[in-house]
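*Asks:* sequence and predicted model, in that order:
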Amino acid sequence: MRVNWKHHRHYIFLDLEATCAKDNGFARSERETIEIGAVALDAGRAVVGEFQEYIRPVHHRTLTAFCTELTGITQRQVDAAAFFPHVFARFSAAFSDGIGLPDLANPKNYTLNLVARLAPGVTRETLG
């Protein structure tokens with residue numbers, strides 16, 4: 001059964017994991033999302049949607065031991081995963097049943113469109 005989001009107040013809780021290294025082993029700007037987890041609740045706190053997928057990193061393809069220890073994500077899991085645009089498209093589709101997530105077909109707009117919907121008032125300049 002598909003939920004008609006137009007008639008429900010809902011909340012999406014998002015959990016992102018990213019590549020990392022102990023003692024800032026690489027620049028913050030080089031970190032990549034390696035997992036998207038989300039759960040959607042209705043106003044009555046019932047779970048009405050879930051999503052979880054690993055993402056294959058591009059710039060730092062080999063996870064550090066620190067990253068695996070911190071996140072619990074293994075090299076095997078990210079090696080078997082799809083790249084970010086494909087996973088993000090599936091995430092968007094999982095929660096796009098009328099809840100107002102934008103069409104995120106343009107990779108340049110992924111973050112900005114999502115932030116605009118989930119955190120009104122945050123601008124490109126304040127994302128840092």
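*Replies:* Noted; the coordinates are in hand.

*Asks:* what pLDDT, on average, does the lengthiest helix in the chain get?
*Replies:* Looking only at the chain and at elements set by DSSP state H, the helix with the highest residue count is helix 84-94. Per-residue pLDDT over helix 84-94 has a mean of 88.

*Asks:* okay, buried residues for that helix please.
*Replies:* 84, 87-89, 91-92, 94 (16 or more other CB atoms under 10 Å). C-beta: built from backbone N, CA, C; applies to glycine.

*Asks:* who's in contact with stretch 28-37?
*Replies:* Among residues not part of stretch 28-37, those counted as contacts by CB atoms under 8 Å, 6 or more residues apart in numbering are 14-20, 51-60, 63, 67, 71, 73, 78, 81, 84, 87-88, 91.

*Asks:* just the buried ones out of the residues you listed, please.
*Replies:* 17-20, 51, 53-57, 60, 63, 67, 71, 73, 78, 81, 84, 87-88, 91.

*Asks:* where does pLDDT dip in this protein?
*Replies:* Across the chain, the stretches falling below the confidence threshold (pLDDT under 70) are 1-8, 97-128.

*Asks:* could you rerun that using 90?
*Replies:* Low-confidence segments of the chain, defined by pLDDT under 90, span residues 1-14, 21-31, 39-49, 60, 88-89, 91-128.

*Asks:* show me where it has its strands.
*Replies:* Remark: strands assigned in the chain by DSSP state E are 10-18, 33-42, 47-54.

*Asks:* closest to Phe26 out of the ones you listed?
*Replies:* Using CB to CB as the criterion, the shortest distance between Phe26 and these is 11.0 Å, found for strand 10-18.

*Asks:* if anything else comes up later, I'll come back, but that's it for now.
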